[in-house]
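Enquirer: here are the coordinates; sequence isn't available:
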């Protein structure tokens, strides 16, 4: 994975299908203990949004690589007082070896990348969540043996996770079905980009308002909260509209008998997914959460030139 040394990872499409597969293979080796690394690098975490899995998984991954982590909480650093991104980026570039930023605007990440020479990782923006999708693909590969030709159905809001999932799955030759209310579909440009990727990989992307048709025969069912961070005040009005897209026992009966259930968490049980579905035998949600650490460890090792 030397070809990733020094690169930024702002969108899932910053990687080719071959590079993604290489990262997944490396993550599996790191997870099994077949490979390990030792470094004295420093990772900075600059998170403008709340986080559990992303913060902890990046921290543990970097420690296990032998590096150190600095939590750059905006509330106790000058960025919280309005220091320009260009100034912050140029200063952090001289202190750190790699930086992960969790923010709102994708444009802010691009500004960081413009002014910092060190590798920059998108730890979530309103447009994409590419690190989550690396973990998702790793989980699907572990459970089903391969990615190409697998049919994945995403139900719910066409949000940042949906965007990265659509693009990442299309890159890897997976068939993707999106079942969403008509006014909550993924961004049209993301859909168009995904369809172009799918055409190259021989897969297909389908958008529908019919959740039953979308899950029929699917091998992976995936959902996320119906109101993302910053949209909590819209949750109550969305619930009736999204209710038909809940992953529950009825929908699971329409899917492949061996289908797995994924959720990027945190979950609102009783809304986008039932307690029985997330705790049932088909759930791989906890393996998926663990794989955030393994996938990101592989990503860090590759961007830092360790692998």
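Expert: Cool, got the structure. All of these numbers come straight from a predicted model, not from anything done at the bench.

Enquirer: residue contacts, residue 44?
Expert: Residue 44 makes contact with 69-70, 72, 92, 95-96, 98-100, according to C-beta atoms under 8 Å, 6 or more residues apart in numbering. All C-beta atoms are positioned from the backbone trio N, CA, C, and that covers glycine.

Enquirer: Just among the residues you listed, which is most surrounded?
Expert: Using other C-beta atoms under 10 Å as the neighbour test, the contacts of residue 44 are led by residue 100, with 28 neighbours.

Enquirer: isn't that residue right next to residue 119, touching?
Expert: No. At 9.3 Å, residue 100 and residue 119 do not qualify as touching, with contact defined as C-beta atoms under 8 Å.

Enquirer: can you give me the helices in the stretch 51-200 of the chain?
Expert: The residue ranges that make up the helices of the stretch 51-200 of the chain, judged by DSSP state H, counting those that start in this stretch, are 53-64, 85-95, 106-115, 130-144, 160-171, 188-201.

Enquirer: So which of those has the densest surroundings on average?
Expert: Mean neighbour count, computed with mean count of other C-beta atoms under 10 Å, is highest for helix 160-171 among those, reaching a mean of 27.

Enquirer: tell me the mean pLDDT for that helix?
Expert: Model confidence over helix 160-171 averages 98 on the pLDDT scale.

Enquirer: elements contacting it?
Expert: Secondary structure elements in contact with helix 160-171, counted by 3 or more C-beta pairs under 8 Å, 6 or more residues apart in numbering; DSSP states H and E, are helix 17-32, helix 130-144, strand 151-155, strand 175-179, helix 188-201.

Enquirer: where's that helix relative to the chain centroid, distance-wise?
Expert: In terms of C-alpha atoms, centre = their mean, to the nearest Å, the centre of helix 160-171 is set 8 Å apart from its chain centre.

Enquirer: what does stretch 180-189 give?
Expert: Distance of stretch 180-189 from its chain centroid, counting by C-alpha atoms, centre = their mean, is 18 Å.

Enquirer: what's the weakest-modelled helix or strand in the chain?
Expert: Among the helices and strands of the chain, helix 235-242 carries the lowest confidence by mean pLDDT, DSSP states H and E, at a mean of 86.

Enquirer: Can you tell me, leaving aside adjacent residues, what's nearest to residue 37?
Expert: If you skip the residues right next to it in sequence, residue 37 has residue 306 as its closest partner in space, 4.5 Å away by C-beta to C-beta, 6 or more residues apart in numbering.

Enquirer: Hmm, the one you found is touching residue 65, no?
Expert: Yes. The pair residue 306 and residue 65 passes the contact test of C-beta under 8 Å, sitting 7.0 Å apart.

Enquirer: Can you pull the residues that touch both of those two?
Expert: Contact with both residue 306 and residue 65 is made by residues 37, 39, 300, according to C-beta under 8 Å, 6+ apart.

Enquirer: Highest neighbour count among the residues you listed?
Expert: Greatest neighbour count in those, by other C-beta under 10 Å, goes to residue 300: 27 neighbours.
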